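**Q** Predicted model follows, preceded by the sequence.
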Amino acid sequence: MKIILSEDNEILRKSLSFFLESKGFTVDQFSDGKDALDAIRTNEYDLILTDINIPGISGMEITQYVRQSIGSDIPIIIFTSSGIEQTELDSFDIGANEFIAKPVSPAVLLVRINKLLNIRV
């Protein structure tokens, strides 16, 4: 299973990538939303993990592009340090499948990924 991870916090991005790779996933990681979106346009992924507030193009814009411009139903998990309820509601309104507040628990993230990808553990 191939995952794209878009997160500008280098420590979080690398630790989540390492964790997911240790669970058998292939992870393409990006610190910039524009680079992530370019990768989405040219590669096939099973899941998108994106922070909302990343340089270039936001996670919300990535989600909107995937849902509206290419009409894909690929599972999308958005995470952010914003604790604002409206941000979570907005994420679901534009098509995110899951919303996780930071700090991200790798174990909880894995459960949500497995659920979205219908992986039985």
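**A** Nice, I can see it.
**Q** Point out where this protein drops to low pLDDT.
**A** Applying pLDDT under 70 to the chain flags residues 83, 120-121.
**Q** The residue nearest to residue 15 when sequence neighbours are not counted: neighbouring residues, count only.
**A** Spatially, and ignoring its direct neighbours in sequence, residue 15 is nearest to residue 106 (7.6 Å; C-beta to C-beta, 6 or more residues apart in numbering). No exception for glycine: its C-beta is placed from N, CA and C like everyone else's. Residue 106 has 14 neighbours, counted by other C-beta atoms under 10 Å.
**Q** Kindly report the same for residue 43.
**A** For residue 43, the neighbour count with other C-beta under 10 Å is 10.
**Q** Please report phi then psi for it.
**A** Phi and psi for residue 43, reported as degrees, to the nearest 10, are phi -130, psi 160.
**Q** Verify the stated contact: it with residue 30.
**A** No. Under the criterion of C-beta atoms under 8 Å, residue 43 is not in contact with residue 30, lying 11.5 Å apart.
**Q** so what's in contact with those two at the same time?
**A** Common neighbours of residue 43 and residue 30, counting by C-beta atoms under 8 Å, 6 or more residues apart in numbering, are residue 4.
**Q** Now residue 49: which helix or strand?
**A** Using DSSP states H and E, residue 49 sits in strand 47-51.
**Q** Past that strand, which element shows up next along the chain?
**A** Counting by DSSP H and E, the next helix or strand C-terminal to strand 47-51 is helix 59-64.
**Q** and the lengthiest helix in the chain, C-alpha only, in PDB?
**A** Ranked by residue count under DSSP state H, the longest helix found in the chain is helix 10-22. Extracted C-alpha coordinates of helix 10-22, given in PDB (Å, rounded to 0.1, in the frame of the first residue of the first chain):
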ATOM      1  CA  GLU A  10      10.300  17.400   9.700                       C
ATOM      2  CA  ILE A  11      10.500  15.400  12.900                       C
ATOM      3  CA  LEU A  12       6.800  14.400  12.700                       C
ATOM      4  CA  ARG A  13       7.000  13.600   9.000                       C
ATOM      5  CA  LYS A  14      10.100  11.400   9.400                       C
ATOM      6  CA  SER A  15       8.800   9.600  12.500                       C
ATOM      7  CA  LEU A  16       5.400   8.900  11.000                       C
ATOM      8  CA  SER A  17       7.000   7.800   7.800                       C
ATOM      9  CA  PHE A  18       9.400   5.500   9.700                       C
ATOM     10  CA  PHE A  19       6.500   4.100  11.700                       C
ATOM     11  CA  LEU A  20       4.300   3.400   8.700                       C
ATOM     12  CA  GLU A  21       7.100   1.900   6.700                       C
ATOM     13  CA  SER A  22       7.800  -0.500   9.700                       C
END
